[in-house]
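Colleague: Below is the sequence, then the predicted model.
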Amino acid sequence: MHSRQCDVILETNISSNLIQETIPCQDGHEFFGQETTASEWNLVCGAESLGGMSTTMAVIGQMIGAALIPALADKYGRLLISYTNFIALALCYIIAAGVPWFSAFVILRLLIGAFSEGALMTMATLALEMFPAESRGFLLFVASIAFTFSITSISLVAYLLRNLSWRYTMLAAGIIGGHSFATRWILQESPRWLIVNGRYEEAKQWIKRASRWNKMDPSRILAKFDSELQSREQTMLVDENTELTKPEVNGEHTGTVRFHSYKMEEKLSVLDIFRNKHMLLTSLILWVVWFVNSMTYYGLFLLSGTMSGNLYLNFFLNGIVEIPGIFIYWFTINRYGRRKTGALFHAIAGVSLILAAVLNFVGDTPVLKRLASAMIFIGKSMITGSFSTIFVYTPEMYPTNLRARSIGMGSAAGRIGGMVSSFAALFGTYVPWGPGVVFGSLSLLVTILFLWLPETTGKELPNTLQEAISFHAPKDKKKKKTVISLNENT
């Protein structure tokens, strides 16, 4: 009899004929090392696929959260939805640390994915709307550094708790996130969202609070704010293709016009993206960029698990390697613009990953292996820089009441790429150079797609749908608009 991991080979010698029979392990399994979900719920052998299902459900939860929760932020405000997600996320981690059923654990993993993505999308939107155009690039630089250190800290927490049950790791994740609640006494609702949705009194309170923090007199700012509101109420847009007759000039009609009230407050839906071909084209390109970014990023991260050496150290290094790309992003994002920066990152990443695949294919010497690993790390760093770029780039192309949803839809496309990336390690076992070629080729394709995107560097965020549409349309095809200010006597 020969024992293997999941079964036993029973050999029977009958009249000099050796008969082999494979039967499952009769006495269960014996586990060594740290207690994991696999050891607690016997997720091995025939039930091994159930272990991967919990991770898949987390990714599905992220996709659901990215698609649905930002819509709530556009409707009810960024601040309320952000902190609702923080509270729900912490509770889910704490409950998961004590839940005794695997089915309940899987459901909680789905919810954790949804709430974590919802918190990320809404808080990113809030942060971008709080800062002027020249500061948004630096803001994402700081956020990216914080994200990288949070990734690397996971390996430290996991290492310190390596001799304890997985439940302590889940509990630590829920407790560590508690610091985010303290920011509620500092952060305020997005002033852009308040103004666009007609909540002017709350916007004035925001101005007063900001003035106190900066030791400024709010009266002059409030007076300018009231003047701007009055001016907007008296502003009308005039379109060339309209139905009202223009006044006569020298006895002749000059054409017809249609007058539109210029309202800051407007209710928008995702369908508004599909109603304009220029905005739709931009959105499709952005979704492809998000898809390729996530597939490459998470694919390279998952491949780190197949690297030789210490698992915790490999995870740590895969986090630290992101920092050079983030610094390159900081130096280029305002100097060369969003479009050129994004194209540069993907071009370098594509070439690096293809070179890594070639080096893995042509030889098996230690030197070539180290060079291939270096190329992979460069590709990973560049993809991280691209992530920072599209996080600041995407919301700059959409109106305020679609901004959170625009990031959410991009992230949802990215989560599809994340699910596809889960097959990278399996693909790599059959074709070692395959993942590098796929990731590299798609990155080069995205480099070309960036040429069709508009540039947003130094431009204010569009508030209304009309502002966004005119921003997306080619300049030579934009409809000419005339702005007429009407006084009270008109």
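Modeller: Alright, I've got the coordinates.
Colleague: Could you find the closest non-adjacent residue to residue 71?
Modeller: Setting aside the residues directly before and after it, residue 71 is nearest to residue 405 in space (Cβ to Cβ, 6 or more residues apart in numbering), at 5.3 Å. Yep, even glycine has a C-beta here, placed from its N, CA and C like the rest.
Colleague: Just confirm the one you found is within a helix.
Modeller: Yes - the assignment for residue 405 is a helix, going by DSSP: H, G, I helix; E, B strand; the rest coil.
Colleague: Can we start the residue count at 629 from this point?
Modeller: Understood, numbering begins at 629; the last thing we discussed is residue 1033.
Colleague: Please, which helix or strand holds residue 749?
Modeller: helix 730-757 (DSSP states H and E).
Colleague: The residue sitting nearest the centre point of the chain and residue 1060, how far apart?
Modeller: In the chain, the residue lying closest to the centroid (Cα atoms, centre = their mean) is residue 1039, at 4.5 Å. Remark: distance between residue 1039 and residue 1060 (Cβ to Cβ, to the nearest Å) = 31 Å.
Colleague: can you give me the strands in the stretch 629-778 of the chain?
Modeller: Ranges of strands within the stretch 629-778 of the chain are 630-631, 635-642, 645-652, based on DSSP state E, counting those that start in this stretch.
Colleague: can you check the stretch 979-1118 of the chain too?
Modeller: For the stretch 979-1118 of the chain, the strands identified by DSSP E, counting those that start in this stretch occupy 1109-1113, in order along the chain.
Colleague: and residue 831, how many neighbours?
Modeller: In terms of burial, residue 831 registers 23 neighbours under the definition other Cβ atoms under 10 Å.
Colleague: May I have the predicted confidence score for it?
Modeller: You'll see residue 831 listed with a pLDDT of 87.
Colleague: got a list of what it touches?
Modeller: By Cβ atoms under 8 Å, 6 or more residues apart in numbering, the residues touching residue 831 are 819, 822, 823, 853.
Colleague: Just say helix, strand or coil for the third one.
Modeller: What that stands for is residue 823. helix.
Colleague: Starting from residue 683, give me the distance back to it.
Modeller: 42 Å.
Colleague: what pLDDT, on average, does stretch 1094-1104 get?
Modeller: Mean per-residue pLDDT for stretch 1094-1104: 72.
Colleague: Poorly predicted segments of the stretch 679-828 of the chain, please.
Modeller: 679-680 (pLDDT under 70).
Colleague: next one: the stretch 879-1028 of the chain
Modeller: Scanning the stretch 879-1028 of the chain for pLDDT under 70 picks out 879-894, 930-937, 991.
Colleague: quick one, helices of it?
Modeller: 899-902, 905-931, 939-948, 950-960, 966-990, 994-1021, 1028-1049 (DSSP state H, counting those that start in this stretch).
Colleague: Would you convert these into a markdown table that also reports distance to residue 777?
Modeller: What follows is the helices of the stretch 879-1028 of the chain, written out as a markdown table (distance: least, Cβ to Cβ, whole Å):
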| stretch | distance to residue 777 |
| --- | --- |
| helix 899-902 | 35 |
| helix 905-931 | 16 |
| helix 939-948 | 8 |
| helix 950-960 | 9 |
| helix 966-990 | 20 |
| helix 994-1021 | 13 |
| helix 1028-1049 | 21 |
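Colleague: wait, what's in contact with the closest residue to residue 681 other than its chain neighbours?
Modeller: With Cβ to Cβ, 6+ apart as the measure, residue 734 is the residue that lies nearest to residue 681, at 6.5 Å, once sequence neighbours are left out. Remark: with contacts taken as Cβ under 8 Å, 6+ apart, residue 734 is in contact with 681, 682, 685.
Colleague: Repeat that for residue 913.
Modeller: For residue 913, the contact set (Cβ under 8 Å, 6+ apart) comprises 1077, 1078, 1080, 1081.
Colleague: Can you give me the distance of residue 842 to residue 836?
Modeller: Computed as Cβ to Cβ, the residue 842 to residue 836 distance reads 11 Å.
Colleague: Please apply the same query to residue 1000.
Modeller: From residue 1000 over to residue 836 the distance is 58 Å, taken as Cβ to Cβ.
Colleague: Then residue 1032?
Modeller: Distance of residue 1032 to residue 836, given as Cβ to Cβ: 26 Å.
Colleague: again with residue 687
Modeller: For residue 687, the distance to residue 836 under the criterion Cβ to Cβ works out to 43 Å.
Colleague: can you check residue 764 too?
Modeller: Taking Cβ to Cβ as the measure, residue 764 and residue 836 are separated by 24 Å.
Colleague: More neighbours: those two, which one.
Modeller: When neighbours are counted by other Cβ under 10 Å, residue 764 comes out ahead of the other of residue 764 and residue 836, with 26 against 14.
Colleague: what's near enough to touch the more buried one?
Modeller: 756, 1020, 1024.
Colleague: if we go to 6 Å?
Modeller: 756, 1020 (Cβ atoms under 6 Å, 6 or more residues apart in numbering).
Colleague: what's the distance between residue 1097 and residue 845?
Modeller: The gap separating residue 1097 from residue 845 is 38 Å, by Cβ to Cβ.
Colleague: Please identify which of these two sits among more neighbours.
Modeller: Legend: neighbour count by other Cβ under 10 Å for residue 1097 and residue 845, higher for residue 1097 (18 against 8).
Colleague: isn't that one right up against residue 905?
Modeller: No - with contact defined as Cβ atoms under 6 Å, residue 1097 does not count as touching residue 905 (10.1 Å).
Colleague: Show me the chain divided up by domain.
Modeller: Recorded structural domains for the chain (assignment: automatic domain parsing) are 678-819+898-1095, 827-871.
Colleague: Redo the ones you listed as CSV? Include distance to residue 665.
Modeller: Conversion of the domains of the chain to CSV gives the following (distance: least, Cβ to Cβ, whole Å):
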stretch, distance to residue 665
domain 678-819+898-1095, 6
domain 827-871, 45
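Colleague: what about these, which gets the closest to residue 663?
Modeller: Between residue 663 and the domains of the chain, the tightest spacing by Cβ to Cβ is seen for domain 678-819+898-1095, at 4.4 Å.
Colleague: distance of residue 1057 from residue 1067?
Modeller: When distances are taken as Cβ to Cβ, residue 1057 and residue 1067 turn out to be 16 Å apart.
Colleague: Give me the more crowded residue out of those two.
Modeller: In terms of neighbours (other Cβ under 10 Å), residue 1067 is the more surrounded of residue 1057 and residue 1067; the figures are 29 against 9.
Colleague: Return the residues in contact with that one.
Modeller: Residue 1067 touches 924, 981, counting by Cβ under 6 Å, 6+ apart.
Colleague: do the same with residue 789
Modeller: Taking Cβ under 6 Å, 6+ apart as the contact definition, residue 789 lies against 796, 797.
Colleague: let's go with 7 Å and repeat that
Modeller: Residue 789 sits next to 796, 797, 800 when contact means Cβ atoms under 7 Å, 6 or more residues apart in numbering.
Colleague: Among those residues, which are located in helices?
Modeller: Among the contacts of residue 789, the residues falling in helices (DSSP state H) are 796, 797, 800.
Colleague: Make sure residue 819 is actually in contact with residue 836.
Modeller: No - under the contact definition of Cβ atoms under 7 Å, residue 819 does not touch residue 836, with a separation of 11.8 Å.
Colleague: out of the domains of the chain, which comes closest to residue 667?
Modeller: Residue 667 sits nearest to domain 678-819+898-1095 of all the domains of the chain, at 8.8 Å, using Cβ to Cβ.
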